[in-house]
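kindly return the folded structure for what I paste below:
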Amino acid sequence: MTSQPTVTGTFNYTRHDGAMPEVYFYDPPAGAKIRDPGDEPVDMPVRSGWSEVDRFDLDKHGFALREFRPAEHNWTDDAGIRRDFYPEVVDLVKRTVGAKQVLVFDHTIRAMRNEKQQTAESATTQRAPVMLVHCDYTENSGPLRVRQLMAGEAESLLKRRVAFYNVWKPLHRKVEERPLAMCNVESASANDFVTMALRYRERDGEIYVMNHSPRHDWVYFPEMTPEQAVFLKTYESETDGRARFVGHSAFLDPTTRPDAPFRESVEIRTIAFF
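Numbering: from 1, shown residues only. Now for the predicted structure:
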């Protein structure tokens, strides 16, 4: 893959004004004063990472690209994906980060044809690309997710290093439309991250959205193919200076040809225990 020029993309940041942004996955209570995220769209340069692809490091930049050639799968069969694809992802993550144990706990198929399902309570695995600068976990929600998923093992596991990795890959063809971009962790500070509440009927969750900074260094890999996967570190328990949370977002690439097929990709969420 040859190096490609820097492009300009619009990224939907969230203003840091003291009020917590929130998203409801059901009809909000009457009279609720909802503060929506993504209220500060900013045009930012986005550079191709292909010329530096071997340099990017999960513990330094928060993302990295790896070759990944899984078996053929029926991407509309959720049960089959969990049975056959998840073990392949476990093996990939173990080999990539050196974890002793890896749990794959969720996946999402991204395709524009699923756009109407974006906020439906039942739509957990079929959604449109997310056009919001965000990171899937926070300082609080990372350990909470371990406790929710690992039950009696959680406290013992949380005494060791724990990291969450999203593995993102194209499905059937190269990605030309709404590619994924990452905000290099070296260019972001802790103050850039804003906690956002996720409101479900039975529970609340939280993720990070991001406040804009002109320092942010956005990187993407144009025309990724199904044989490639991006790792995103969405939570890191260690506070020794390594990357902990990587902001990311889909964006409209101005070089996309008008008749480009809609982006189809899968994002797999994993927890690595060291």
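
report pLDDT for the nearest residue to Ala250 once chain neighbours are set aside.
In this structure, Ala250 finds its nearest non-sequential neighbour in Pro129, 3.7 Å apart by CB to CB, 6 or more residues apart in numbering. Yep, even glycine has a C-beta here, placed from its N, CA and C like the rest. Looking at Pro129, its pLDDT stands at 77.

with Gly152 instead?
Looking at Gly152, its pLDDT reads 91.

let's verify it: helix, strand, or coil?
The three-state label given to Gly152 by DSSP: H, G, I helix; E, B strand; the rest coil is helix.

any low-confidence regions in the stretch 151-274 of the chain?
Scanning the stretch 151-274 of the chain for pLDDT under 70 picks out nothing.

now the helices for it?
Secondary structure of the stretch 151-274 of the chain by DSSP state H, counting those that start in this stretch: the helices cover 154-157.

so where do the strands sit in it?
Here the stretch 151-274 of the chain has its strands, by DSSP state E, counting those that start in this stretch, at 162-170, 180-183, 193-199, 204-210, 218-220, 228-236, 247-250, 264-273.

what comes into contact with the shortest one?
Judged by CB atoms under 8 Å, 6 or more residues apart in numbering, the contacts made with strand 218-220 from elsewhere in the structure are 9, 11, 44-49, 56, 61, 63, 179-184, 251, 253.

swap in 6 Å and give it another go.
For strand 218-220, the surrounding residues in contact (CB atoms under 6 Å, 6 or more residues apart in numbering) are 44, 46-47, 49, 179, 181-184.

and that strand, which strands flank it?
On the basis of DSSP bridges, the sheet neighbours of strand 218-220 come out as strand 40-48 (parallel), strand 180-183 (antiparallel).

what about Val219, neighbour count?
Neighbours of Val219 under the rule other CB atoms under 10 Å: 23.

how near is the nearest residue to it once chain neighbours are set aside to Lys60?
Excluding the flanking residues, the one nearest Val219 by CB to CB, 6+ apart is Gly49, at 4.4 Å. From Gly49 across to Lys60, the span is 13 Å (CB to CB, to the nearest Å).

ok, back up a step: wait, the residue nearest to Val219 sits on Pro222?
No: using CB atoms under 6 Å, Gly49 makes no contact with Pro222, being 8.8 Å away.

re the thing from before, Gly49 and Lys60: which has the busier surroundings?
Gly49 (25 against 15).

and the more buried one, how far is that from Thr225?
The value you get for Gly49 to Thr225, if CB to CB is used, is 15 Å.

what do you get for Asp77?
22 Å.

flag the shaky bits of the stretch 1-150 of the chain, pLDDT-wise.
Within the stretch 1-150 of the chain, the stretches with pLDDT under 70 are 1-4, 112-128.

CA atoms only for the lengthiest helix in the chain, dumped as PDB, please.
Across the chain, the longest stretch assigned as helix under DSSP state H is helix 86-97. Extracted C-alpha coordinates of helix 86-97, given in PDB (Å, rounded to 0.1, in the frame of the first residue of the first chain):
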ATOM      1  CA  TYR A  86     -14.500 -15.500  18.300                       C
ATOM      2  CA  PRO A  87     -11.900 -18.300  18.900                       C
ATOM      3  CA  GLU A  88      -9.900 -16.900  15.900                       C
ATOM      4  CA  VAL A  89     -10.000 -13.400  17.500                       C
ATOM      5  CA  VAL A  90      -8.900 -14.800  20.900                       C
ATOM      6  CA  ASP A  91      -5.800 -16.400  19.200                       C
ATOM      7  CA  LEU A  92      -5.000 -13.200  17.300                       C
ATOM      8  CA  VAL A  93      -5.200 -11.000  20.400                       C
ATOM      9  CA  LYS A  94      -3.100 -13.400  22.500                       C
ATOM     10  CA  ARG A  95      -0.400 -13.500  19.800                       C
ATOM     11  CA  THR A  96      -0.400  -9.700  19.300                       C
ATOM     12  CA  VAL A  97      -0.300  -8.500  22.900                       C
END
